[in-house]
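Novice: next input, structure requested:
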Amino acid sequence: QQRTTVLPMAQLLPSISACNHGFYREMLSDYCMIKFHKGMASLDRRLWCNWPDTMDIYEDVTNCTFHVALFMDCFWPNREVDRFFTDIHRDYFHDCALTGRLLHDPPTSILAPFIGIPVLVTLLMTALVVWRSKRTEGVL
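Specialist: Numbers count the residues shown, from 1 in each chain. Purely as a prediction, here's the structure:
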């Protein structure tokens with residue numbers, strides 16, 4: 001008798017507690033995107049590509065998408081969040097140069113010792129082995 005009542009309840013539960021993706025998308029647009037627009041509007045447009053200036057706004061919108069997902073019982077991240085951030089990057093960061101975000105070699109003053117010292121040690125050890133191999137008399 002218990003199995004028959006539990007099974008229909010188990011089948012209803014996912015439909016009741018599942019994420020409503022359409023409404024979630026609307027909430028992202030109506031709540032998180034508006035907050036992001038206001039934050040970016042408060043910045044000079046020339047600073048949009050400067051990560052230290054946009055980091056707090058970007059972090060706030062990321063947290064917003066997470067909290068809305070949590071409130072609406074949606075997984076995070078998800079397809080809607082991916083689209084949301086793709087739209088943000090298309091609208092706000094499409095002119096930003098990639099070079100500012102790429103890794104660069106360290107300055108020569110730091111890089112040179114890390115290359116030069118092992119090369120010199122290798123040359124010195126090779127010279128020492130050659131010198132010792134020529135002086136075989138008296139070793140044994």
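Novice: okay, CA-based contacts and neighbour counts for the rest of this
Specialist: Fine.
Novice: and the pLDDT at Met72?
Specialist: Met72 carries a pLDDT score of 91 in this model.
Novice: is Cys19 within a helix or a strand, and which one?
Specialist: Assigned by DSSP states H and E, Cys19 falls within no helix or strand.
Novice: and if you look at the one 4 residues further on?
Specialist: For Phe23, the host element (DSSP H and E) is helix 21-27.
Novice: check which element follows that helix along the chain.
Specialist: Moving toward the C-terminus from helix 21-27, the next helix or strand (DSSP H and E) is helix 34-41.
Novice: quick one: buried residues of that next one?
Specialist: For helix 34-41, the neighbour count (16 or more other CA atoms under 10 Å) marks Lys35, Phe36, Gly39, Met40 as buried.
Novice: what lies in contact with it?
Specialist: Trp48, Thr54, Ile57, Tyr58, Asp60, Val61 (CA atoms under 8 Å, 6 or more residues apart in numbering).
Novice: between these, which is nearest Ser29?
Specialist: Nearest to Ser29 among these: Val61, at 10.9 Å, using CA to CA.
Novice: low-confidence stretches in this protein?
Specialist: 1-17, 98-104, 136-140 (pLDDT under 70).
Novice: longest helix in it, please.
Specialist: The longest helix of the chain (DSSP state H) is helix 108-134.
Novice: count the residues that sit near Val81.
Specialist: 19 (other CA atoms under 10 Å).
Novice: residue contacts, it?
Specialist: Here Val81 is in contact with Thr65 (CA under 8 Å, 6+ apart).
Novice: list the buried ones in the strand or helix carrying it?
Specialist: Using DSSP H and E, Val81 falls within helix 79-92. By neighbour count with 16+ other CA under 10 Å, helix 79-92 contains the buried residues Glu80, Val81, Phe84, Phe85, Ile88.
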